[in-house]
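S.K.: Take a look and give me a structure for this.
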Amino acid sequence: MVKKIILLGNPKLYQISSTIEKDEMDIIKELVIDLHDTLMNFRNKYGVGRAIASSQIGVFKRLIYMNIDKPVVFINPILIFEDDEFMEVIDDCMSFPELLVKVKRHCRCTIHFKDIDFIDNEMKLEGDLSELLQHEYDHLDGIIATMRVIDDKSLCLKSEKNFLE
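M.R.: Take a look at the predicted model:
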C-alpha cells in the first residue's frame, strides 16, 4: 500500500531507527510491500527514486528497500568504509522532492545486512550505488542530506540546478 512520505520539516525525520529482530519478519515482509508501492508511486510521479528507508514512511526500523534492476531488501544494514576517498554529489531525496543538496560521500563502501529471509549478506558498492546506500543509511540514523551539505551555498531547487553545478 502506498504510504505518505515524511517531508522536510517534520521532526520524525530525525528519529533513529531500531534493530529488526527475527520474530518481526512477518511484519517486515508486509512493510517491504508498502516500501515498494511507495517507491513506485514516487517514481511514477517524479520520474526518479531508487531506494527508500522505512523511516521515511514513519516505521522506525533498520530497513532499506532498493529497486533499480531488481528489488533488494537491506535489514539491519551496517556500512563499512575501507578508505577515505570521497566524491561530491548532488543529492536529492523523496522527503524533499524539489530540493537538491551538494554533499560529500565515500566513493565506495561495503554493506553487511540480512536479506528478506534474515540471512547474512554482504555487498560491495562503488560510485552512485555507494552514495545511494549512504543516503538511505543516514535516514536510519535520523540524518538527512541537508545536514551533510558542503556549505551554505550548496542547496537549490531542482528548477535552479544549473547554478549548483
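
S.K.: where along this structure do the helices fall?
M.R.: 25-46, 127-140 (DSSP state H).

S.K.: low pLDDT regions in this protein?
M.R.: Low-confidence segments of the chain (pLDDT under 70): 165.

S.K.: all strands for it, in order.
M.R.: Listed in chain order, the strands of the chain (DSSP state E) span 51-53, 63-67, 71-80, 86-93, 96-106, 108-114, 120-126, 155-157.

S.K.: Tell me which residues are up against the third one.
M.R.: Residues outside strand 71-80 that contact it (Cβ atoms under 8 Å, 6 or more residues apart in numbering) are 19-20, 28, 32, 36, 62-66, 109-116, 118, 123, 133-134, 136-137, 140. Placement of C-beta: from N, CA and C, glycine included.

S.K.: ok, now with 7 Å
M.R.: The contact list for strand 71-80 (Cβ atoms under 7 Å, 6 or more residues apart in numbering) reads 19-20, 28, 32, 36, 62-66, 109-116, 118, 133-134, 137.

S.K.: go on, the fourth one?
M.R.: Residues outside strand 86-93 that contact it (Cβ under 7 Å, 6+ apart) are 48, 100-107, 131, 135, 144-145, 150, 164.

S.K.: Return the members of those classed as buried.
M.R.: Listed as buried from the contacts of strand 86-93 are 100-103, 105-107, 131, 135, 144-145; burial here means 16 or more other Cβ atoms under 10 Å.
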